[in-house]
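> Okay, sequence plus prediction incoming.
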Amino acid sequence: MTRSLDLSRRGALAAAAGFGLSITFLGRQAFAASEGDMAKRKLVVVICRGAMDGLSVAPPIGDANYQRLRGEIAIAPFGQPNGALQLDETFGLHPRLETVHTLALAGQARIAPAIATPDRARSHFEAQDVLESGMEVVYGANSGWLNRAMGALATTRRVTAMSVGPQAPLILRGPVEAASWSPGGYKDRDPRLPQILTDLYAGDPLLSPALASGLQTQAMAAVATAGMTTAAPPAAMNAAGQPPAADQAAAVQRYAQQANQQAADAARKLGTTLAHFMTEPNGPQIAAVSIDGFDTHANQGAAEGQLATRLRGLDAALDGLSTGLGPEWTNTVVVVATEFGRTARINGTKGTDHGTASTALVLGGGLKKGGIIGDWPTLADARLFENRDTAPTVDMRALFKGVLAEQMGVDRRALDATVFPNSAGVAPLTGIV
Amino acid sequence: MSLDPDLKAAIAVTRFGLGARPGELGAARADAAAYLKAQITPTGAEQPPGSFASSATRITDLRVFQQDRRQARQQQAAADGAAPADMDPVKMAQKMLRDDAAGEFIARAALGATTDASFRERWALFWFNHFTVGQKNLETALLAGPFEREAIRPHVFGRFEDMLVASSTHPGMLLYLDQAQSIGPNSQLAAMAKTGFVPGLKNLGGLNENLAREIMELHTLGVGSGYTQADVTEFARAITGWSIVGLNERRFGAGAGGGAPGEFTFRALAHEPGSRTILGKTYPAGGIEQGRAVLHDLAASRATAHHIAVKLARHFVADDPPPTLVAKLEQSYSASGGRLDQVARTLVDAPEAWAPDQRKFKTPYEFLISSYRSIGLAPGLEITPVLNELGQRPFSAPSPKGWSEDASDWASADGVVKRLSWAEAFSARNAPPSEPPLQLAENTLGARLNANTQTAINRAESRSEAFSILLMSPEFQRR
């Protein structure tokens, strides 16, 4: 199918304009719809919660300041062992994002390396609220932009949606009913919680030793039941009846590793299963997926480590999804976004703190070829936002609006007024799909 | 007392009560003590919502079931083969019986999670645990709920003696502690059995001391308070004949003591004749009144006042409670003639009960109920397997002593990790979607929320993680 505007269809476009479709995007949308193609269009939004570090997702290897700012958590240059997977002269992808890289080389994945919501408070909850509600300000609505986009589309065709996870995320909540599905047997284990609670219980004579010992036992049990031979021998208890500190730390780490591995395996299966849902005859065309665990304040790691494990999970989910969709992958766009980025500089605990702009990924079998989405502000000291963060050059809403328009055919008036209220000044990013 | 009103509200709602529901801290703030005292109502504690069978109905149903089962087994044996498990009428009938009892437990948990008067509910839970009836077999599994509804809840703010009598004559207790079949060795029934002329009276059995001992040891005087084995035996003799209509009719004779099937009855034929001497006092022969007179004196004993004062202080304040608080409660109990509404008021008025440090660790039931309360949700059947996992199977206290009060019994390594697993799953499903997590924490813990927990919640990367941190915080795990 041609993607250029077919002038012979102008008459149909004019008629369609009466339904509220704006002329800006009308051409291809109306054309596609007339070909019966729109009904097949699919959109998946993946929200990476916890502030995913854009500078590790798509490291600007060619930026003169990157290695200096990042120190030991910088991703190694192209071509080095565990180095970044090259996209262009400046950017690469994290070495654990192999699926994304393969897709990018085929023109089926692009990065937006300096993107942010309008929120600048650096609070996870506030920023996630703004990211999902699509409002300019925090707690501005009890519905999500994806739900309101469905509302806007409902006048032209039947669109159904599904959220993946035990709880419907705000992005899909609202007046239009959306299904939700949670993978069976998937344990919603948060690999961060054992460490958070270990810190919170420090000095608590009752809870601290109980948690340490319990985590250690659980890690040993998990290793044992997995039939692995690398299990450490049971640690001796010290005089106070507590495992030695080093073993406690190891137990916390083992718990986290196992949780992460389970999460990665589950993520691929999740992607595959979601793909199967979406390819069923009356399956959802829109889906929202949440992935947690990106808040890497300490020991973030580089090619391996905490963040790498989360990215491996993300990559596995995208692999499962793109592979599972088969021929339908050409009708699908996936947007991966996070509430904000992280500080440009490594912090004192080998991690990064709450920042501003981050990287979004756009993937799909029918993407238009192109370079990075938006401008790269560089990491020069003078260009950092508030002297600490990657400066935003693209409003997240512009990306979402562009994808909704080009991929799903949501008209501009609805995008400006109801999907992203008061956003007429934020022009949709075009030329992506 | 010059406690900060916010802290006082938090203590009232989280220590005296079962944890804050949305907005509850605000309601308690104006006058926390008055907020609690308003929950002390002469009618006792409310019943779990829904209609559930009485103990008499449950016992009758069970008897019918047992007869049917006997017949069904014989028929099955004759038909040479058992029905498949899911079609087996016996198993199906048993499941119906159990489901009613299970539903009752859920209704009770829902009451705990939704009531505006959770001090009253905690008070009722304390008394049920004091007079524990737990699951020993199918029979007692079906009777724990009715026992709580019939013998405990109506009396929790009345006279202790009334609750003691209600408990000691309730079919649930009579079966749980083997009193129903206790026979006086010199009773008419025993004499009839000795003649050998009544075939049904073979293996009649004799005196059973179980209930008498536990009334003295657990319900009233307390262990080590000075009673002897002789006192226990004499008391056991005094309450022989306290039984249930329809139990072993063939032995006792139908309707021997009057009353409807499944209800309490006094079987004069099984009662040990003569006077009894207990703790130095002689109780003349008097049928059922003999045992009642003993209960009256036990309720009025100083030892009982002390025992109950210690238990209340341990439950509400600390595993090792301040002696001054115990003394106040004991004095209140004695001075009021065991008026539990008075004792409850004394507890609320005692400064020791408002000590800011949290010394009580929540039991699994308390942890779950307070978690549901924090987001204004009522639990359903899903909590049963969780309580099993966490070691507090519904209506199944491990002994007549009830569930443990000791933090060390609940804050085990396994217990804490299992609480964590549950909190994660619960949070993933139920973390409030739009309320700021820190606000939820403040609404739940109020002035008790400490800075470290606040920081951890602020740093949480998702609502679900923030909610898990709140539920697992040291100050939410305690009360």
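Okay, I see it.

> what does the model give residue 211 for pLDDT?
As the question left the chain open, I've gone with chain A. Looking at A:Leu211, its pLDDT reads 92.

> wait, I meant chain B there
pLDDT, read off for B:Leu211, is 95.

> burial of A:Asp319, as a residue count?
19 (other C-beta atoms under 10 Å in any protein chain shown). Backbone N, C-alpha and C define where each C-beta goes, glycine included.

> in the stretch 101-250 of chain A, which spans are helices?
For the stretch 101-250 of chain A, applying DSSP state H, counting those that start in this stretch gives helices covering A:124-133, A:145-153, A:193-200, A:207-225, A:245-279.

> To B:Ser334, which of those helices lies closest?
Closest to B:Ser334 of those is helix A:207-225 (C-beta to C-beta; 38.5 Å).

> Spell out which parts of the stretch 251-400 of chain A neighbour chain B.
A:Ser290, A:Asp292, A:Gly293, A:Phe294, A:Asp295, A:His297 (C-beta under 8 Å from any C-beta of the partner chain).

> In TSV: those residues, plus secondary structure.
As requested, those are arranged in TSV below (DSSP: H, G, I helix; E, B strand; the rest coil):
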residue	secondary structure
A:Ser290	strand
A:Asp292	coil
A:Gly293	coil
A:Phe294	coil
A:Asp295	coil
A:His297	coil
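
> thinking again about what came up before, with mean neighbour count added, can I get the helices of the stretch 101-250 of chain A in JSON lines?
Formatted as JSON lines, those follow (neighbours: other C-beta atoms under 10 Å in any protein chain shown):
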{"stretch": "helix A:124-133", "mean neighbour count": "26"}
{"stretch": "helix A:145-153", "mean neighbour count": "25"}
{"stretch": "helix A:193-200", "mean neighbour count": "21"}
{"stretch": "helix A:207-225", "mean neighbour count": "20"}
{"stretch": "helix A:245-279", "mean neighbour count": "19"}
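
> Reformat those as CSV; add distance to B:Ala107.
Listed next are the helices of the stretch 101-250 of chain A as CSV, based on distance: least, C-beta to C-beta, whole Å:
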stretch, distance to B:Ala107
helix A:124-133, 35
helix A:145-153, 36
helix A:193-200, 32
helix A:207-225, 32
helix A:245-279, 36
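
> The residue of chain A found nearest chain B in helix, strand or coil?
Proximity of chain A to chain B (C-beta to the nearest C-beta) peaks at A:Gly50, 2.9 Å away. Under three-state DSSP, A:Gly50 falls in the coil class.

> Where does the residue nearest to it when sequence neighbours are not counted sit: helix, strand or coil?
Among residues not flanking A:Gly50 along the chain, B:Glu461 sits closest, at 2.9 Å (C-beta to C-beta, 6 or more residues apart in numbering or on different chains). Here B:Glu461 is coil, with the state taken from three-state DSSP.

> now for the host helix or strand of B:Ala425, which elements pack on it?
Here B:Ala425 sits within helix B:413-430, counting by DSSP states H and E. Applying 3 or more C-beta pairs under 8 Å, 6 or more residues apart in numbering or on different chains; DSSP states H and E, we find helix B:413-430 packed against helix A:193-200, helix A:207-225, helix B:364-374, helix B:383-390, helix B:463-472.

> do that again at 7 Å, thanks
Where contact means 3 or more C-beta pairs under 7 Å, 6 or more residues apart in numbering or on different chains; DSSP states H and E, helix B:413-430 is packed against helix A:193-200, helix A:207-225, helix B:383-390, helix B:463-472.

> Quick check, pLDDT for the residue lying closest to B:Thr453 once chain neighbours are set aside.
Spatial nearest neighbour of B:Thr453, chain neighbours left out: B:Ser473 (4.2 Å); criterion: C-beta to C-beta, 6+ apart. pLDDT, B:Ser473: 98.

> Check the gap between B:Ser473 and B:Ser371 for me.
According to C-beta to C-beta, to the nearest Å, B:Ser473 and B:Ser371 sit 12 Å apart.

> Smallest distance to chain A belongs to which residue of chain B?
B:Glu461 (2.9 Å).

> count of residues packed around the residue nearest to A:Gly50?
With other C-beta under 10 Å as criterion, B:Glu461 counts 26.

> Wait, it touches A:Met52, no?
No: counting by C-beta atoms under 7 Å, B:Glu461 does not reach A:Met52; the two are 9.7 Å apart.

> Overlap of the contact sets of those two?
Counting by C-beta atoms under 7 Å, 6 or more residues apart in numbering or on different chains, the common neighbours of B:Glu461 and A:Met52 are A:Phe294.

> Which stretches in the stretch 151-300 of chain B count as strands?
Chain-ordered strands for the stretch 151-300 of chain B, with DSSP state E, counting those that start in this stretch as the definition, fall at B:242-244, B:264-266, B:276-278, B:281-283.

> near chain A, which residues of the stretch 51-200 of chain B show up?
Residues of the stretch 51-200 of chain B lying near chain A by C-beta under 7 Å from any C-beta of the partner chain: none.

> which stretches of the stretch 51-200 of chain B have low pLDDT?
B:80-87, B:199-200 (pLDDT under 70).

> Kindly recompute the last result at 50.
Regions of the stretch 51-200 of chain B meeting the criterion pLDDT under 50 are absent.

> check contacts around residue 393.
Since no chain was named, I'll use chain A. Taking C-beta under 7 Å, 6+ apart as the test, what A:Thr393 contacts is A:Ala114, A:Gly374, A:Asp375, A:Pro377.

> my bad, the chain I had in mind was chain B
B:Leu387.

> Just give the nearest non-adjacent residue to residue 398, would you?
Because you didn't say which chain, this covers chain A. Using C-beta to C-beta, 6+ apart and skipping the chain neighbours, the partner closest in space to A:Ala398 is A:Leu429 (4.7 Å).

> try chain B instead
That would be B:Gly134: by C-beta to C-beta, 6+ apart, it lies 7.5 Å from B:Pro398.

> same deal with A:Lys368?
Closest to A:Lys368 by C-beta to C-beta, 6+ apart is A:Gly431, at 5.7 Å.

> is it true that the one you found touches A:Leu367?
No: taking contacts as C-beta under 7 Å, A:Gly431 lies outside contact range of A:Leu367: 9.9 Å.

> Low-confidence stretches in the stretch 251-400 of chain A?
In the stretch 251-400 of chain A, no residues with pLDDT under 50.

> What segments of it are strands?
Ranges of strands in the stretch 251-400 of chain A, per DSSP E, counting those that start in this stretch, are A:286-291, A:332-338, A:358-364, A:394-395.

> Nearest to B:Glu442, out of the ones you listed?
strand A:286-291 (25.3 Å).

> Please parse chain B into its domains.
Domain assignment for chain B, taken from automatic domain parsing, gives B:55-175, B:177-300, B:364-477.

> The residue nearest to B:Thr453 is in contact with B:Asn452, isn't it?
No: B:Ser473 sits out of contact with B:Asn452 when judged by C-beta under 7 Å, with a separation of 8.3 Å.

> Overlap in contacts, those two.
A:Leu200.

> more crowded one of these two?
B:Ser473 (25 against 16).

> and the gap between that one and B:Leu420?
In terms of C-beta to C-beta, B:Ser473 sits 12 Å off from B:Leu420.

> quick revisit: among the helices of the stretch 101-250 of chain A, which is nearest B:Arg63?
Ranking those by proximity to B:Arg63 (C-beta to C-beta) places helix A:207-225 first, at 45.2 Å.
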